[in-house]
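Q: A structural model of the following input is requested.
(2 chains)
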Amino acid sequence: MADFYPQKEWEAAAGRRRLLLFILIAVTTFFASGFMADILPYQGRTGLEVTLVVFFALLFSWISIGFWTAAIGFIILWRRYDRFAITRSLQDEEQLPVEGRSAILIPVYNEQPDRVFAGVKAIYLSLAAEKTHEKFDYYVLSDTTDPDIWIQEELAWARLCLEVSGFGRIFYRHRRPNIKRKSGNIADFCRRWGRNYRYMVVFDADSMMTGSTVARMVRLMERNPHIGILQTTPLTVGKKSLLARIQQFASHAYGPMFAAGLHYWQIGDAQYWGHNAVIRIAPFMAHCGLPRLSGKPPLGGDILSHDFVEAALMRGAGFEVWLAYDLTGSWEEPPPTLIDELGRDRRWCQGNLQHMRLLLAKRIFPTHRVLFLNGAMSYVSALLWFLFLNISSIKALSQAVIGPDYFPVQGGLFPEWPIWNLGWALVLLTSTFVILLLPKLLSAILIIFKQKRAADFGGPVRLLLSLGAEIIASTLLAPLRMLSHSKFVFVTLLGQNISWKPPPREDQDTAWDVALRFHGWGMVLALIWGGVLFLVNRPFFWWLVPVLGPLILAVPLSVWTSRKSLGNLATKLGLFLIPEELSPPPELLSAGAARASLPTDNAGFVLAVVDPYVNALHLAFRRQRRKVAKGIAESRHQLVLKALAGGPDGLRREDKVTLLSDPDSLDQLHALVWQIPDSQAARQWGLDSSPSVCPEDTL
Amino acid sequence: MDDPDLWQEAQDRVLLYLKKLGIPAIQSLEIAREALRQAAEEAPAAGSPPVTLAMRALHMIFRHNNKALENAPYARYEILYRRWHPHDQSPASCSVAASTTGLQLAALPPIRRGSMIIRKI
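A: Sure, this is the predicted structure:
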């Protein structure tokens, strides 16, 4: 079957559209930079002022991309017509038969098993309502290193399979060596079972899609054989902290418009965001294997932000990457606190900076090279902004301390009086704010007047109040993000590598001491910076108050935005409401209910040793028992004796993992623990004969 | 070894194990009685504490007598049965597959190996 959009046709359109984008950015940046130069005392003719204008031009062009993307997205959604929307290819073929089988992949790493399997159950039940549900298998791909969580995952899998009769359809694989992290996890699946399937639908531990959306995505792939990756635009849901609610509102209010605009420029050269997407397995296996970059981390070694690179490689192999921006029923959870968000940004920053090594790589289309640059600029722009503010401050201080230079240009014959054009500065500042804020207003206009969905946000008044509150919040938080992102870029370029930790999934208030440790240095910097300016150049100090003020208040801002209580208060006041809260979709309700009903397990390792069922279940997961060298057998035997002597608390994490990985040792330990005659030693393993301490049924 | 407290402890331990298996009370008492009887026979020669002997006897009962597990809740029965009878090739209703070298849970489909090519970029 031929693709609905022939490649030459959309590539030609994309070329014209990108040229338009370039012209729009270039023209607005040119005029704004000219304005900036005219504001400066010497109209941009000194070395320092040239530097300022260059930084300003880079920053303004960066925010212009967002503005023009939003503007075009507004036009598309207002007109309700997009010539190249990939969903149009199914208009007359909604019941297109699906021949290929699909694997639903949920890669996990030390996540909470109850949440993960609640999500799997919700997806399973949602897909069960689709005609094509027999074509789907489900894989929970675990890279978990925590021995307790590992056992809890196995139990949760067994429970789920029993509950939904999912044996033979829902699979669980635990991988012990965590080679190449998530991309290696997916690659391992591809190498072992990829050939059994035509497509894989990749989820994150906290993401969700409806069965109908998944089924539709697979149909779109069947209809368009040249699509290698089809990405949805997940909306954020599920968290209750104030910051999360603000982000969820922003995602729902502005996200669709930005996504439509993004699609307008990208068409079949879109990005892959690592989850809530469907991938054609055969070309993925043939072309998207990720090499290790030469050198050491942070800029060498394994490619961290693998999704961008996989999309680029897929496209380079001639397969298209599309964004199905108008497909609903796709969600993910936001980070609950500012510190969690910045922790995630630290990882993404390193990953995106690594992509700079691939700018001149072979087999990458120019569009994806630009996307790599765009990804890096997401964080480098913060550093540029920070440097811009610093250079401006230095200029202001030098003017105040040293006094004006009447011969700023070398070789000048006549003196020049420096003139600050304050009025123009205000105009430029206002224009910059318009560029930043107009898209938000446009999305409100779209929701209220065209889409008539203001009720989804609590009504037009609440929508506008939420918009205003979101603008205030993002203005206050922008300097904090700027400072942190600048630090991330700086330390990454200096060679500091990240330590990979799974993000927290539950709402948890940020403690004051934690916030102080994280933001304290920024507060001190802002106090010194502001103090010096206040004393030396007070007019310039007032210009910087919108930046310095939030930095000085970083700790309380971070703590208060993390609070669930403030998030709930906002909801009571009718702020930041989203459609999924007012009218929850069955899949999200089902995932929440399943999560609530799952028992909270005891420590998994102790269960695996003590509980005969859990022990037998875990042993059943092991491969056939192998003969090992005498030395290894002896060291494992010593480990069993150590466990018997010291109880579970006497074992290190690696000891527990070794025992769990060796069926003979675990079998032996199980039998010997139950044979412990000393009641105190037996109690270390939870073996108390009195019924009141007998743990709950594990199944 | 004749200390009644030690034998009480052995009985409690065995019953606790049977409770964890989910075997109903009457059947548990019957199995426990048999395990303790065997342990008591072995006690004079073995020299091990009653708890140790009783638990060993219990494991032997499961290994040699599949009827002892029949009253475990269905969900567990299959897994546990295969644990003590790894060579039994009869079909499993919960995707538990036996191999000659031990129990293998069919948590995964058979592997169909492919290669994922890594090229320099």
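Q: Helices along chain B, start to end?
A: Listed in chain order, the helices of chain B (DSSP state H) span B:4-21, B:25-46, B:50-64, B:74-84.
Q: for the ones you listed, which one sits closest to residue A:426?
A: Taking C-beta to C-beta, helix B:74-84 is the member of the helices of chain B nearest to residue A:426, at 72.2 Å. Placement of C-beta: from N, CA and C, glycine included.
Q: Averaged pLDDT, the closest one. What do you get?
A: Helix B:74-84 shows a mean pLDDT of 66.
Q: Stretch A:610-619 now?
A: On average, stretch A:610-619 scores 89.
Q: Briefly note if that stretch comes near chain B.
A: Yes: using C-beta under 8 Å from any C-beta of the partner chain, stretch A:610-619 comes into contact with chain B via A:610, A:611, A:612, A:613, A:616, A:617, A:619.
Q: starting at the chain centroid, how far to that stretch?
A: Offset of stretch A:610-619 from its chain centre (C-alpha atoms, centre = their mean, to the nearest Å): 36 Å.
Q: before we move on, the earlier item: can you list the helices of chain B in JSON lines and add mean neighbour count?
A: What follows is those, written out as JSON lines (neighbours: other C-beta atoms under 10 Å in any protein chain shown):
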{"stretch": "helix B:4-21", "mean neighbour count": "20"}
{"stretch": "helix B:25-46", "mean neighbour count": "16"}
{"stretch": "helix B:50-64", "mean neighbour count": "21"}
{"stretch": "helix B:74-84", "mean neighbour count": "21"}
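Q: Next, format those as JSON lines and append distance to residue A:665.
A: What follows is the helices of chain B, written out as JSON lines (distance: least, C-beta to C-beta, whole Å):
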{"stretch": "helix B:4-21", "distance to residue A:665": "20"}
{"stretch": "helix B:25-46", "distance to residue A:665": "24"}
{"stretch": "helix B:50-64", "distance to residue A:665": "17"}
{"stretch": "helix B:74-84", "distance to residue A:665": "16"}
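Q: what does the stretch 201-350 of chain A have sitting close to chain B?
A: Residues of the stretch 201-350 of chain A lying close to chain B by C-beta under 8 Å from any C-beta are A:285, A:286, A:287, A:288, A:289, A:290, A:291, A:313.
Q: Neighbour-wise, which one of those residues leads?
A: The most crowded member of these, judged by other C-beta atoms under 10 Å in any protein chain shown, is residue A:288 (30 neighbours).
Q: Over to it: give its phi and psi.
A: Backbone geometry at residue A:288, expressed as degrees, to the nearest 10, gives phi -110, psi 20.
Q: which residues touch it?
A: By C-beta atoms under 8 Å, 6 or more residues apart in numbering or on different chains, the contact list for residue A:288 reads A:310, A:313, A:314, A:317, B:116.
Q: quick one: which of the residues you listed is nearest residue A:437?
A: For the contacts of residue A:288, the residue nearest residue A:437 by C-beta to C-beta is residue A:310; the value is 34.9 Å.
Q: how many other residues sit next to the closest one?
A: Neighbourhood size, residue A:310 [other C-beta under 10 Å]: 25.
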